[in-house]
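> Predicted structure and sequence below. I'll ask about it afterward.
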Protein chains: 2
Amino acid sequence: MKRTRTTVIDIARAAGVSKSTVSLVLQGSPLVNEATRARVSAVIRDLGYVYNRSAANLRQAKSAIVGIVVNDLTNSFFAELAVGMDMVVQSAGYVQFLANTGESIDRQREVIASMREHGIAGLILSPARGTQVSDLKPLVESGIPVVLVVRNLPGARVSSLLSDNYAGTSQAVEHLIGLGYKRIAFMGGYADTAVFEERVRGYRDALAKAGLHSGGEFVFNSAPSRAGGVAAVEKMLLHAERPTAAVCFNDAVAFGVCDGLRSARMEPGVDFGIVGFDDVIEAKTAVPALTTVSVDPQGMGQRAAQLLLKQINSEKVEPETQTLSVRLVVRESCGIKKHVQDREEYA
Amino acid sequence: MKRTRTTVIDIARAAGVSKSTVSLVLQGSPLVNEATRARVSAVIRDLGYVYNRSAANLRQAKSAIVGIVVNDLTNSFFAELAVGMDMVVQSAGYVQFLANTGESIDRQREVIASMREHGIAGLILSPARGTQVSDLKPLVESGIPVVLVVRNLPGARVSSLLSDNYAGTSQAVEHLIGLGYKRIAFMGGYADTAVFEERVRGYRDALAKAGLHSGGEFVFNSAPSRAGGVAAVEKMLLHAERPTAAVCFNDAVAFGVCDGLRSARMEPGVDFGIVGFDDVIEAKTAVPALTTVSVDPQGMGQRAAQLLLKQINSEKVEPETQTLSVRLVVRESCGIKKHVQDREEYA
DNA sequence: TGACAAATTTGGAACGTTCCAATTAACTGT
DNA sequence: ACAGTTAATTGGAACGTTCCAAATTTGTCA
């Protein structure tokens, strides 16, 4: 039961050296004699000393904290993403503030401000819907490196790490076309995000390239969630000329679409082809196993963290945007089980 | 582009007051005159001042950081748990270190040490498997409140928030018995954890109360994961007197059991009754929808955070353990569709 | 051995805040 | 207008570390 915490001075006194020497030992400086280092280290252990980082980085204005802000941690895509970041951040000796905004811009603002006060060395942000470039302004102006993931923020002079959305949905559409599907919808997502725009563009261009009509009437907006998928299906079913397959904004939507189909007595993967996006962990084991565009969230998280750390350690912060390539994982939700053509007839 | 960051002294100079007054304004003290407060606040805004918490809690040894350490963030149960904590922590004006141990004790130790150096005000821990009471020793001795969640650590003098595992599996068994099942297994989980012990005890006692045999031969250990569930089924199928239903260690195992049954050409919910534990988000929408013991992870996270904050704000840290009640959510995986008795005949 | 270089150690000043005690300003009521 | 309050304000001295320049010890070589 200590009245006051043990400090570097206590160590110094106990080891018979000056506090400067103790400090040197603490940061593993090569300047200190092996014998004294050993002695001091022993005392440090014995007294149960705990280093005070607040004091340290008050002096040296350099913290070992990175901020990570994601928009929806309950979505397993983002959870995996966070885990990937966590891995490299921790093994680099940093510690992370991880906050969830739940798509709330206000919360995002608060959280970033708070992190700034705590002196983060850098920030990885998966921005909430509606984030403005100006929200990052003060941060980048004060020279704190920022890495955007998953969602881009055109115009912000920061690094970003995005998946190749365009290629992803293109491949998905091509796959469906190859299977014989002709009326292919795009389901889920809100129209005002960059990610949505890219994915829809990939979808449209692939349709156009195949000479299929690509009017706007086949994209059904909805929340990018399971519930959103259900809603999208309902809208879809009211449509005069029903689509027979869909590429979905993400896996959550795709699962919702399955739910919605089932309650309309349709069998996903048999009566209707479905492609997701993200390849979340459940995609493999769901029934039917989801054909989806795989983006390896954990790997993406790692890459993002590495990028951030690189920027933290280099003097000049040079914005840099990387695109993560993506691949289609074919499973069962598009009906690999033949006679797709047949179904297309009476669909 | 500031050479040096703007400090409370810059503000003071610009507003024509002393740094003490600025400090008072910063912490919203009622001692300062309304007019000066306004003036100072304006200057603060204009100069783009950012508060330096490191400096502050160097002086006052009181941080607004809580540490949250969970053992598996990729499991959506824990992700939801973290989100629940995040909510109350953030709205209380705290910020959180959130770290994932991935069941690694070493990583857990590192992470806790690091958090301690950063001066956390309290810690919420969902301990990794094999955590020792001694791992928390230094923390509690230095007077930092700790709240354990999900998994207990008998002997540690810290608060904890657990779900009522015993009642959960008891209810599950009673439900199955009520449906006519007689040979009921317990599947998944490792025997050396407190949670497992409680759940199995609930299972055994409920069987005994119903006068059914409750030998050890019907519990099948495995990893508490989807893969573990598959493994458990395989063991189960080799068993001479096959069970006809199972209560599973958690939902992940339950899903694995479904997978395993299917590859043995059995239909989960029809040929075999299954109850899960946790009620993860997918339980509702899986096929068949999983009957499971619901524990509301998000609510649990909130409760845990509230408990921790209470302890942080009270002088005396009085360990307190709360048990979260639990309820059985009946869905389709036990075959609500009658004639259970019949099946039991030839099973 | 003396001189010089290298290796090691060391006091103080700083970092940006809060606290304390003390000072000054602004009100009271008579 | 004056003493007595009360309201506002304010200089230092902390907090625990790191940095710097300077001091001390040790080693080397002629």
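In hand now; what should we look at?

> List the residues that contact residue A:19.
Counting by CB atoms under 8 Å, 6 or more residues apart in numbering or on different chains, residue A:19 makes contact with A:8, A:9, A:11, A:12. Heads up, the C-betas are built off the backbone N, CA and C, glycines and all.

> out of everything not next to it in sequence, what's closest to the residue in the stretch 1-150 of chain A positioned nearest to chain B?
Per CB to the nearest CB, residue A:98 is where the stretch 1-150 of chain A lies closest to chain B, at 3.9 Å. With CB to CB, 6 or more residues apart in numbering or on different chains as the criterion, residue A:98 has its nearest non-adjacent residue at 3.9 Å, and that residue is residue B:98.

> Do I have it right that that neighbour meets residue A:95?
No: using CB atoms under 8 Å, residue B:98 is not in contact with residue A:95, being 9.8 Å away.

> hang on, the earlier thing: now do the same contact list for the residue of the stretch 1-150 of chain A closest to chain B.
Contacts of residue A:98 by CB under 8 Å, 6+ apart are A:68, A:69, A:70, A:82, A:86, B:96, B:97, B:98, B:99.

> okay if I get the residues you listed as JSON lines plus secondary structure?
JSON lines is the format used below for the contacts of residue A:98 (DSSP: H, G, I helix; E, B strand; the rest coil):
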{"residue": "A:68", "secondary structure": "strand"}
{"residue": "A:69", "secondary structure": "strand"}
{"residue": "A:70", "secondary structure": "strand"}
{"residue": "A:82", "secondary structure": "helix"}
{"residue": "A:86", "secondary structure": "helix"}
{"residue": "B:96", "secondary structure": "strand"}
{"residue": "B:97", "secondary structure": "strand"}
{"residue": "B:98", "secondary structure": "strand"}
{"residue": "B:99", "secondary structure": "strand"}
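
> Residue A:26: neighbour count?
Using other CB atoms under 10 Å in any protein chain shown, residue A:26 has 16 other residues around it.

> Identify the residue spatially nearest to it, adjacent ones excluded.
Counting by CB to CB, 6+ apart, the residue nearest residue A:26 is residue A:51, at 6.6 Å.

> remind me which residues of the stretch 51-200 of chain A are low pLDDT?
Within the stretch 51-200 of chain A, not a single segment meets pLDDT under 70.

> Could I get the full set of strands for chain A?
A:65-70, A:95-100, A:122-125, A:146-149, A:159-163, A:184-187, A:219-220, A:245-248, A:273-278, A:291-294, A:321-324, A:327-329 (DSSP state E).

> now do the same end-to-end measure for stretch A:142-158.
13 Å (CA to CA, to the nearest Å).

> Is it in proximity to chain B?
Yes: using CB under 8 Å from any CB of the partner chain, stretch A:142-158 reaches chain B at residue A:142.

> just how off-centre is that stretch within its chain?
13 Å (CA atoms, centre = their mean, to the nearest Å).

> hmm, it touching DNA strand C?
No: Stretch A:142-158 stays clear of DNA strand C (CB under 7 Å from any atom of the strand), getting no nearer than 12.3 Å.

> Please identify the buried residues of that stretch?
Buried residues in stretch A:142-158, defined by neighbour count with 16 or more other CB atoms under 10 Å in any protein chain shown: A:144, A:145, A:146, A:147, A:148, A:149, A:150, A:151, A:152, A:153, A:156, A:158.

> Per-residue pLDDT of residue A:336, please?
Confidence at residue A:336, expressed as pLDDT, is 60.

> try residue A:280
Reported pLDDT for residue A:280: 85.

> was I right about it contacting residue A:80?
Yes: if you go by CB under 8 Å, residue A:280 and residue A:80 touch, sitting 7.3 Å apart.

> Identify the contacts common to those two.
Joint contacts of residue A:280 and residue A:80 (CB under 8 Å, 6+ apart) are residue A:297.

> Kindly state the domain boundaries assigned to chain A.
For chain A, automatic domain parsing gives the domain ranges A:8-51, A:61-164+A:297-325, A:165-296+A:329-346.
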